[in-house]
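**Student:** Give the three-dimensional model of this entry:
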Amino acid sequence: MHARAAHASLSLILFVLLFIAFFHVAERVVAPTGLVIGEQPAAMAMPPAGINHLYDSGEVAASIDETARAVISAPTPATTGEPAQQVAPIIGQDGAAPDTADPFERSTNVTTQRGTLSPAGRLQEDLSGPERRPVRYALIAPPSPTALPMPSLAGAVRVPILMYHHIGDLPPGADAIRRDLTVSPAAFAQQMDYLSDSHYQTIGLGDLADYWFSGKPLPVKPIILTFDDGYDDNYTYAYAILRRHEFMGTFFVLTDAVGNAGYLTWEQIVVMDRHGMDIESHGRTHDDLAASSKEWATWQIAGSRNILEAKLGHQIRFYCYPSGRYTAETIAILKANGYVSAVSTAYGATHDKASLFNLTRVRVRGSDSLQEFIVKVTTAP
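**Tutor:** As a prediction, the model looks like this:
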């Protein structure tokens with residue numbers, strides 16, 4: 001009898017000891033989240049906030065309500081001085097006689113690489129996103145992803161890049177060059193009506209570069225509208241008609257001509273830039289870069305970019321060769337100064353990645369009928 005009682009007591013003691021040992025081990029079990037129960041984890045750092053994009057990493061965010069006066073007051077960057085070279089007074093003239101080989105975003109209310117185009121047409125940085133909350137527990141690090149090669153999109157793509165100069169009425173006594181470079185507002189409006197009715201979508205040169213660099217798809221019927229020299233009628237007529245069609249245009253500006261008679265003012269350029277137009281560089285003056293020294297070409301290319309960036313507060317990435325003239329050295333200077341691409345006056349509408357610095361265009365002449373315009377847009381090689 002006593003032996004049985006002693007055996008039962010021993011069994012009870014062993015059971016209690018095993019029960020205590022079980023809970024002591026359970027307190028050290030790792031939870032599914034990776035947290036060790038009973039231990040205080042180290043605080044995890046907040047992830048950095050910010051927006052990164054391919055070319056505009058240095059872009060200064062600006063409000064749609066920012067006044068043009070505040071932007072215009074930005075100081076013009078200091079330069080190392082003009083190189084000792086005589087400047088030919090040919091600002092505003094294309095300079096080239098009509099050649100036998102006829103020289104060549106839609107950003108609507110949608111989200112694009114640079115941001116969101118508002119109903120007013122202002123391209124704004126999209127800074128919205130989910131609220132960032134502190135991380136309470138240390139998590140098990142995920143495995144490193146397998147690196148995949150970027151797809152190669154060096155193949156040719158057809159994107160007509162139309163080349164305009166003046167959009168306005170001819171002045172009295174206009175010469176042959178001026179008549180060739182001037183498209184009337186009525187004709188330009190008809191051309192934009194045709195593009196809209198035919199479901200073309202305007203894009204920027206950045207969209208074309210993104211297609212090759214990051215695989216960003218292009219619209220089914222993309223077209224780029226470019227305007228050379230920065231004439232004041234580009235604001236009076238071209239900009240107004242483009243806005244009416246919810247189209248965007250790329251305007252190549254001669255920075256040293258801004259504010260002169262017949263040219264855009266900085267106030268107009270800022271308004272256009274703030275409402276979805278793409279402002280890019282055409283140099284400081286309309287000089288032939290193929291006949292310029294390296295120092296003079298650098299002053300033109302780097303100087304114009306510095307001025308535009310100071311005035312507009314964002315990067316300038318594209319260049320238009322005055323009169324379509326350039327050399328291999330010109331391209332090297334462009335690349336060294338951060339440009340992504342450049343357009344020429346050579347005729348054509350098909351481009352590949354290798355042609356980034358000699359993109360061809362389709363010249364729209366003042367004498368073109370609507371039917372001739374349609375033929376150029378639809379058949380240029």
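**Student:** pLDDT below threshold where in the chain?
**Tutor:** For the chain, the stretches with pLDDT under 70 are 1-154.
**Student:** Show me the domain layout of it.
**Tutor:** Here the domain parsing of the chain from automatic domain parsing is 1-40, 99-120+150-379.
**Student:** Can you say which of these is packed in most?
**Tutor:** Sort the domains of the chain by mean neighbour count, taking mean count of other C-beta atoms under 10 Å, and domain 99-120+150-379 sits at the top with a mean of 19. Just so you know, the C-beta spots here come from the backbone N, C-alpha and C atoms, and that holds for glycine as well.
**Student:** was I right about Pro322 contacting Gly283?
**Tutor:** Yes - Pro322 is in contact with Gly283 according to C-beta atoms under 8 Å; the separation is 5.7 Å.
**Student:** can you list residues touching both of those two?
**Tutor:** Contact criterion C-beta atoms under 8 Å, 6 or more residues apart in numbering; residues shared by Pro322 and Gly283: Leu289.
**Student:** Would you state the strands of the stretch 251-381 of the chain in chain order?
**Tutor:** 278-281, 318-320, 341-347, 350-351, 359-363 (DSSP state E, counting those that start in this stretch).
**Student:** my read is His199 is in a strand, agree?
**Tutor:** No - counting by DSSP: H, G, I helix; E, B strand; the rest coil, His199 falls outside a strand, being coil.
**Student:** which residues sit in contact with it?
**Tutor:** The contact partners of His199, by C-beta under 8 Å, 6+ apart, come to 220-221.
**Student:** Helices of the stretch 151-300 of the chain, residue ranges please.
**Tutor:** Along the stretch 151-300 of the chain, counting by DSSP state H, counting those that start in this stretch, helices occupy 176-181, 185-197, 205-214, 233, 240-244, 266-274, 294-312.
**Student:** Would you mind writing the CA trace of stretch 331-343 as PDB?
**Tutor:** Provided in PDB are the C-alpha atoms of stretch 331-343 (Å, rounded to 0.1, in the frame of the first residue of the first chain):
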ATOM      1  CA  ILE A 331      28.000  64.600 -80.300                       C
ATOM      2  CA  ALA A 332      30.800  64.000 -77.900                       C
ATOM      3  CA  ILE A 333      30.300  67.400 -76.300                       C
ATOM      4  CA  LEU A 334      26.500  66.800 -76.000                       C
ATOM      5  CA  LYS A 335      27.100  63.500 -74.200                       C
ATOM      6  CA  ALA A 336      29.700  65.000 -71.900                       C
ATOM      7  CA  ASN A 337      27.200  67.700 -70.900                       C
ATOM      8  CA  GLY A 338      24.400  65.300 -70.000                       C
ATOM      9  CA  TYR A 339      22.300  65.400 -73.200                       C
ATOM     10  CA  VAL A 340      20.300  62.200 -74.000                       C
ATOM     11  CA  SER A 341      19.500  62.800 -77.700                       C
ATOM     12  CA  ALA A 342      19.500  65.400 -80.500                       C
ATOM     13  CA  VAL A 343      17.500  66.100 -83.600                       C
END
